[in-house]
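**Q** need a 3D model of the following:
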Amino acid sequence: MSPVPAFTAETIQLNVGATMFQVHFIPVLTQTLGSAALDDVYGLLGVDALDQLGSYTFDYRTMRFSVRQE
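**A** Numbering: from 1, shown residues only. As a prediction, this is how the structure comes out:
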């Protein structure tokens, strides 16, 4: 069994530090993961969202995600 989106959010504005960008048609899941701390930060950004950015970096050593629009 897998979660089914309750609805699709048409446009969401994301702020990462000082960088703001919009993503479109995001499926919203209403099923929790079962842990409040994880539920607060769990999510996926698809390639269509990341393609809007000038650059992005995943630093797995420090577990940080940084973006730059241009």
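**Q** shouldn't T62 be within a helix?
**A** No. Assessed with DSSP: H, G, I helix; E, B strand; the rest coil, T62 is coil; it does not lie in a helix.
**Q** gap between it and V4?
**A** To V4, T62 is 35 Å away according to Cβ to Cβ, to the nearest Å. Glycine gets a C-beta too; all of them are placed from N, C-alpha and C.
**Q** between those two, which is the more surrounded one?
**A** Using other Cβ atoms under 10 Å as the criterion, T62 and V4 rank with V4 on top: 9 against 6.
**Q** what is the neighbour count of the closest residue in space to the more buried one that isn't next to it in sequence?
**A** Spatial nearest neighbour of V4, excluding adjacent residues (Cβ to Cβ, 6 or more residues apart in numbering): L29 at 7.8 Å. L29 has 15 neighbouring residues, counting by other Cβ under 10 Å.
**Q** and L29, how far is that from G54?
**A** Shown here: L29 relative to G54, a distance of 29 Å by Cβ to Cβ.
**Q** and V28, by the same measure?
**A** According to Cβ to Cβ, V28 and G54 sit 27 Å apart.
**Q** swap in V16?
**A** 12 Å.
**Q** between the two, who's got more neighbours?
**A** The residue with more neighbours, out of V16 and G54, is V16; 15 against 9, by other Cβ under 10 Å.
**Q** now the more buried one, what are its backbone angles?
**A** For V16, the backbone dihedrals are phi -120, psi 100 (criterion: degrees, to the nearest 10).
**Q** show me the contacts for it.
**A** Listed by Cβ atoms under 8 Å, 6 or more residues apart in numbering, the contact set of V16 reads F65, S66, V67.
**Q** let's see it at 7 Å
**A** The contact partners of V16, taken as Cβ atoms under 7 Å, 6 or more residues apart in numbering, are V67.
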